[in-house]
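[1] A structural model of the following input is requested.
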Amino acid sequence: MGPSLTLSDTPTPLQNSQLLDGWRVHQQQAVEQALSNWVRADAPAGLGEAMRYAVLDGGKRLRPLLVLATAEALGGHREAAMRAACATELIHAYSLVHDDMPCMDNDVLRRGKPTVHVRFGEAQALLAGDALQALAFELLVPDASAVPPAMAVHLCRLLACAAGADGMAGGQAVDLASVGFTLELPALEAMHRRKTGALLRASVLMGAATGEPDRNTWEQLDRFGAALGLAFQVVDDILDVTADSATLGKTAGKDAACDKPTFVSLMGLDQAQAYADEVLAQAHEALRLSRIVNRDILHGLADWVGRRSS
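    Just a heads-up that it's a prediction; the model follows:
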């Protein structure tokens with residue numbers, strides 16, 4: 001199962017964006033090291049190499065950061081938080097591997113490098129995605145007593161629900177079925193709350209599940225995660241139109257080229273930006289209502305999502 005890894009012992013209070021950047025870089029490095037240790041290269045027939053290629057050396061690590069920041073804010077179980085952080089990234093990585101394949105979005109660029117099926121072939125990409133998904137749940141139920149059993153079960157359920165038919169996979173199915181159609185705002189929101197938002201929301205809740213939040217805190221963090229997930233997708237649609245492939249690390253303009261419904265195609269660019277700001281404000285309000293004292297990092301991560309340029 002790999003070595004035991006923990007959060008930083010000393011939470012950093014957020015006083016300005018420089019301190020947020022320092023916290024974020026420190027945690028990204030910790031997650032990268034944990035993933036490198038846990039996604040081993042010794043899987044047979046080159047499978048390990050494909051898995052590591054899919055996961056390491058790229059990506060914002062937003063989902064792990066949300067897990068770690070929420071756990072830190074609530075004084076959560078450190079070992080469980082790092083394992084949950086890596087599990088969310090493994091699910092995210094597997095979804096990208098499969099999403100890029102010719103049977104789905106047929107993309108050749110991801111995180112600034114050739115997609116896994118381009119580099120290793122379609123069969124190996126399919127298996128790498130499958131193995132990453134399985135490893136995510138393996139991390140959540142380690143041997144011995146590294147994570148309390150009831151906590152491990154709760155984390156597994158949160159992640160499974162976010163990744164399955166009622167979450168990410170269901171949203172991807174709706175996305176594929178919606179090519180060439182115009183979706184009204186409620187339907188577009190519902191699709192993206194599953195496809196993109198479910199895993200971001202689960203990342204927040206998994207961080208919370210490593211602690212002992214009261215009912216109000218849990219409910220407000222749920223609202224925060226849901227709003228943040230939607231804001232992420234609206235900004236993603238905006239960047240697909242306004243940024244280039246080198247900036248994004250993936251093919252720009254792909255949604256329009258594939259005739260997919262987006263917030264920009266529905267609302268126009270200016271209205272989509274205003275809507276992103278509105279949803280981001282909802283995320284901040286939920287955090288304020290949570291009564292969490294140490295929430296500055298979460299506010300900072302929300303702004304990082306809602307104001308990002310890549």
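[2] For residue 50, give me its contacts.
    By Cβ atoms under 8 Å, 6 or more residues apart in numbering, the residues touching residue 50 are 116, 119, 120, 124, 125, 127, 128. Using the backbone N, CA and C atoms, a C-beta is placed for each residue, glycine as well.
[3] Name the residue closest to the centre of the chain, please.
    The chain has residue 63 as the residue nearest its centroid, 3.6 Å off, counting by Cα atoms, centre = their mean.
[4] Correct me if wrong: that one contacts residue 201.
    No: assessed by Cβ atoms under 8 Å, residue 63 is found out of contact with residue 201, at 10.2 Å.
[5] how about residue 98, what does it touch?
    Going by Cβ under 8 Å, 6+ apart, residue 98 touches 104, 125, 126, 129.
[6] What about these, which one has the most neighbours?
    residue 129 (26 neighbours; other Cβ atoms under 10 Å).
[7] That one sits in which helix or strand?
    helix 122-140 (DSSP states H and E).
[8] can you map out the strands along the protein?
    109-110, 113-114 (DSSP state E).
[9] Restricted to buried residues, select the contacts of residue 50 in ChimeraX.
    Provided next is the ChimeraX selection string for whichever of the contacts of residue 50 are buried by 16 or more other Cβ atoms under 10 Å:
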select :116,119,120,124,125,127,128
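[10] which of the contacts of residue 50 sit farthest apart?
    Using Cβ to Cβ, the pair of the contacts of residue 50 lying farthest apart is 119 and 127, separated by 13.6 Å.
[11] out of the contacts of residue 98, who's nearest residue 307?
    Nearest to residue 307 among these, counting by Cβ to Cβ, is residue 104 at 29.3 Å.
[12] Residue 258 versus that closest one, what's the distance?
    Residue 104 is 10 Å from residue 258, where distance means Cβ to Cβ, to the nearest Å.
[13] Report the contact partners of residue 129.
    Neighbour list for residue 129: 54, 94, 95, 97, 98, 116 [criterion: Cβ under 8 Å, 6+ apart].
[14] and if we set it to 7 Å?
    By Cβ atoms under 7 Å, 6 or more residues apart in numbering, the residues touching residue 129 are 94, 97, 98.
[15] Filter these down to the ones in helices?
    94, 97, 98 (DSSP state H).
[16] with those residues in mind, which one is nearest to residue 272?
    Comparing the ones in helices among the contacts of residue 129 against residue 272 with Cβ to Cβ places residue 98 closest, at 27.1 Å.
[17] State the pLDDT value of the closest one.
    What the model reports for residue 98 is a pLDDT of 97.
[18] swap in residue 13?
    Reported pLDDT for residue 13: 39.
[19] same thing with residue 152?
    Residue 152 carries a pLDDT value of 97.
[20] That one against residue 144, yeah?
    No: using Cβ atoms under 7 Å as the test, residue 152 is too far from residue 144 to be in contact (11.6 Å).
[21] More neighbours: which of these two?
    Taking other Cβ under 10 Å, residue 152 and residue 144 do not tie; residue 152 has more neighbours (20 against 6).
[22] In contact with the more buried one, which residues?
    Contacts of residue 152 by Cβ under 7 Å, 6+ apart are 140, 141.
[23] Now with 8 Å, please.
    Residue 152 touches 80, 140, 141, 142, counting by Cβ under 8 Å, 6+ apart.
[24] Show me the two of those that sit farthest apart.
    80 and 141 (10.7 Å).
[25] what sits in contact with each of these two?
    Counting by Cβ under 8 Å, 6+ apart, the contacts common to residue 80 and residue 141 are 147, 152.
[26] Please identify which of the contacts of residue 152 is nearest to residue 214.
    residue 80 (18.9 Å).
[27] I'd guessed that closest one sits against residue 145; true?
    No: if you go by Cβ under 8 Å, residue 80 and residue 145 don't touch, sitting 11.3 Å apart.
[28] Who has more neighbours out of these two?
    Higher neighbour count among residue 80 and residue 145: residue 80, with 27 against 8, using other Cβ under 10 Å.
[29] how many neighbours does residue 143 have?
    If you count neighbours by other Cβ under 10 Å, residue 143 ends up with 6.
[30] ok, it to residue 26 distance?
    As defined by Cβ to Cβ, residue 143 lies at a distance of 28 Å from residue 26.
[31] contacting residues around the closest residue to residue 184 other than its chain neighbours?
    Spatial nearest neighbour of residue 184, chain neighbours left out: residue 266 (7.7 Å); criterion: Cβ to Cβ, 6 or more residues apart in numbering. Counting by Cβ under 8 Å, 6+ apart, residue 266 touches 182, 183, 184, 185, 188, 272.
[32] Sweet, I'm off.
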